[in-house]
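In: when you get a sec, could you give me coordinates for this:
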Amino acid sequence: MTNALVKTPRHVWLVGVIAVLINFVVVFDFVMSMLQGAKYQASAGMTPDQIAHYQQMPSWMMVVWAIGVFGAFLASILLLLRRKQASPVFVVSLGAFLVSLLYTYVLTNGGVVMGPQMAIMSAVIAGLLVFFCWYSRDMARRGVLR
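Out: Purely as a prediction, here's the structure:
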């Protein structure tokens, strides 16, 4: 059964649209943090200590953050386009996110500075990324993504 057309399940569109919307918000947050810095972060409700934590991030961490953010957004678009490349791009994004967690919670005192709300948000983000990685890989395996 080669080259058989696999009908796209409706849930692919639902998951893809949700992924794009979530990751668009994340891209917006990243871009605004880069363009307006502390002003934007304060308007988002961050404390001065939290803003200082972000402002003191080394440049390599900014690169990791960008890879995670833009990678997840690109992977979401690839999922909507039904491209199997969505899966490895989601995996790269998850890897970048895990590096950012390592930086925040192990290499710095970011966990203390950011507080329990950020820990909850980090767990939600990690859960979503793991789900998107699994989902895109499963859809690629089933031949839905080409």
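
In: buried sites along the strand or helix carrying M121?
Out: Assessed by DSSP states H and E, M121 sits inside helix 110-141. For helix 110-141, a neighbour-count test (16 or more other CB atoms under 10 Å) marks 110, 113-114, 118, 122, 125, 128-129, 132-133, 135-137, 139-140 as buried. Any C-beta I mention is one placed from the backbone N, CA and C, and that applies to glycine too.

In: so what secondary structure elements neighbour it?
Out: helix 10-36, helix 48-55, helix 59-80, helix 86-102 (3 or more CB pairs under 8 Å, 6 or more residues apart in numbering; DSSP states H and E).

In: give me the angle between it and helix 86-102.
Out: 170 degrees (axes from the mean of the first three to the mean of the last three CA atoms, to 10 degrees).

In: average model confidence for helix 110-141?
Out: Mean pLDDT, computed over helix 110-141, is 93.

In: between that helix and helix 10-36, how many degrees?
Out: Between helix 110-141 and helix 10-36, the angle comes out at 140 degrees (the same axes, to 10 degrees).

In: any stretches of the chain with poor pLDDT?
Out: Residues of the chain meeting the criterion pLDDT under 70: 1-5.

In: could you redo the last one with a cut-off of 80?
Out: 1-6 (pLDDT under 80).

In: CSV for the helices and strands packed on helix 110-141, including mean neighbour count and distance to L145?
Out: Shown next, in CSV, are these (neighbours: other CB atoms under 10 Å; distance: least, CB to CB, whole Å):
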stretch, mean neighbour count, distance to L145
helix 10-36, 15, 8
helix 48-55, 15, 35
helix 59-80, 19, 7
helix 86-102, 20, 6
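
In: tabulate the ones you listed (TSV), appending distance to A42.
Out: Below are the helices and strands packed on helix 110-141 laid out as TSV (distance: least, CB to CB, whole Å):
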stretch	distance to A42
helix 10-36	9
helix 48-55	6
helix 59-80	19
helix 86-102	21
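
In: all good on my end, thank you.
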